[in-house]
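# Curious how this folds, go ahead:
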Amino acid sequence: MTSVVARDRIRAPQRPGDVIFSTATVVAGSLILAVLAAVAGFLLVQSLPAFVAAPADFSGGFTNFWAYVWPLAFGTLWSALLAMIIAIPLAIGIALFISHYAPRRIAQGLGYVIDLLAAVPSVVFGLWGIGVLAPLVQPFYANLVDWFGWFPLFAGPVSGTGRTILTVAIVLAVMVLPIITALCREIFLQTPVLYEEASLALGATRWEMISMAVLPFGRSGIISASMLGLGRALGETMAVAMVLSPSPTVLFQLLTSQNPTTIAANIALNFPEAHGVGVNILLATGLILFVITLAVNMIARYIINRRKAFSGAN
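Prediction:
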């Protein structure tokens, strides 16, 4: 009898709404993959002339494409890494304050302010970095060089304008802060109340409860939010192009006037004047940025899949 009922359910016709919805989801998912493949194919085809370009086609005296793109890739990864080092602890702290410490009214107001930062255009952040942040931090940079110039990252000579890779990292950190904070806040609020109450009932302080229950629960979500912010930092163009004083070099120093530029900023600055093979070279650097972003997302997904058994925030 049970098998007959199950067979009748299987043979029962689907409702038109179910068919339309399932078809729409399949088409939407396939469309995303098709667009991704089309972008990758376009970049790959347009990049082929750059891989065999003559040394005369590269600006800055580079002899081949890989020598040309290496400083750009380094600057992209270095600025994004510095931004993440600044943004992730701040975002986690703000999210914890909103979700577990602040009174309801203050938490709501602060949450709105953080969310509004995501709506500010990148050009506004660039203007803020040039007109406000760079002059403000330049004396501090000079003191850092005087006090800690023996450390390679803070070696001089210090920039006289404050437009350094560290300034760009601060601007990028402010830009990705609302993304990471908003996601972490929602993840922390999803922590089962039973976990929190059990920790407090066992005599744990509020911070011990957070460290033993909230943070382990949201670990994979924190990684996902950080990778989403990292993607924004890797692809940011206008703010970096406006604030940074670029040079095609590989430098770890944070406070000098010579700074490595990023792939996105280099494309934005040079594309209007590019022609011929120069366009293909810039598109090839875009392909490298595409590969870097894809690799970062794949690594993040691998880390999340390894830890999803220990967290409910998936």
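
# Pro55: neighbour count?
When neighbours are counted by other Cβ atoms under 10 Å, Pro55 registers 11. Every residue, glycine included, has its C-beta placed from N, CA and C.

# and if you look at Thr63?
10.

# In space, what's closest to it - neighbours in sequence excluded?
Pro55 (4.7 Å; Cβ to Cβ, 6 or more residues apart in numbering).

# and Gly126, what does it touch?
Residues counted as contacts of Gly126 (Cβ atoms under 8 Å, 6 or more residues apart in numbering) are Val171, Met238, Ala239, Val240, Ala241, Met242, Val243.

# SS state for it?
helix (DSSP: H, G, I helix; E, B strand; the rest coil).

# same check, this time on Arg163
Classified using three-state DSSP, Arg163 is coil.

# Where does the prediction get shaky in the stretch 51-200 of the chain?
60 (pLDDT under 70).

# Can you show me the helices along this protein?
With helices called from DSSP state H, the chain shows them at 2-11, 16-51, 65-96, 104-117, 122-128, 134-148, 165-189, 193-201, 206-209, 215-217, 219-235, 238-243, 263-270, 277-307.

# Can you report how many residues neighbour Val35?
Val35 has 10 neighbours, counted by other Cβ under 10 Å.

# Also the one 3 residues further on?
Per other Cβ under 10 Å, the neighbour tally for Ala38 reads 10.

# Now do it against Thr161, distance only.
Per Cβ to Cβ, to the nearest Å, Ala38 is found 42 Å from Thr161.

# Could you do Ala50 as well?
33 Å.

# Between those two, which is the more surrounded one?
Ala50 (23 against 14).

# Name the nearest residue to that one, sequence neighbours excluded.
Spatial nearest neighbour of Ala50, chain neighbours left out: Ala284 (3.7 Å); criterion: Cβ to Cβ, 6+ apart.

# Surely that neighbour is in contact with Asp57?
No: using Cβ atoms under 8 Å, Ala284 and Asp57 do not qualify as a contacting pair, with a distance of 11.3 Å.

# Those two: which is more packed in?
Ranked by neighbour count (other Cβ under 10 Å), Ala284 and Asp57 place Ala284 first, with 22 against 17.

# what residues are up against the more buried one?
Going by Cβ under 8 Å, 6+ apart, Ala284 touches Leu43, Gln46, Ser47, Ala50, Phe51, Phe65, Val69.

# Please identify the one among the residues you listed that lies nearest to Ile85.
Of all the contacts of Ala284, Ile85 sits closest to Val69, with 24.2 Å by Cβ to Cβ.

# could you list every residue that touches that closest one?
Taking Cβ under 8 Å, 6+ apart, one finds Ile263, Ala284, Thr285, Ile288 in contact with Val69.

# Relative to Ala169, how far out is Ala239?
Distance, Ala239 to Ala169, by Cβ to Cβ: 11 Å.

# which non-adjacent residue is nearest Ala80?
In space, and not counting its chain neighbours, Ala80 is closest to Ala233: 4.1 Å by Cβ to Cβ, 6+ apart.

# burial measure for the one you found, as a count.
27.

# Next: Ile92.
Ile92 has 20 nearby residues by other Cβ under 10 Å.

# Look up how far Tyr101 lies from the residue positioned nearest the centre of the chain.
Centrality entry for the chain: nearest residue to the mean C-alpha point is Leu230, 1.6 Å, by Cα atoms, centre = their mean. Using Cβ to Cβ, one gets 27 Å for the distance from Leu230 to Tyr101.

# same question, Pro121
Relative to Tyr101, and taking Cβ to Cβ, Pro121 is found at 31 Å.

# Ok, Val27 next?
Distance, Val27 to Tyr101, using Cβ to Cβ: 45 Å.
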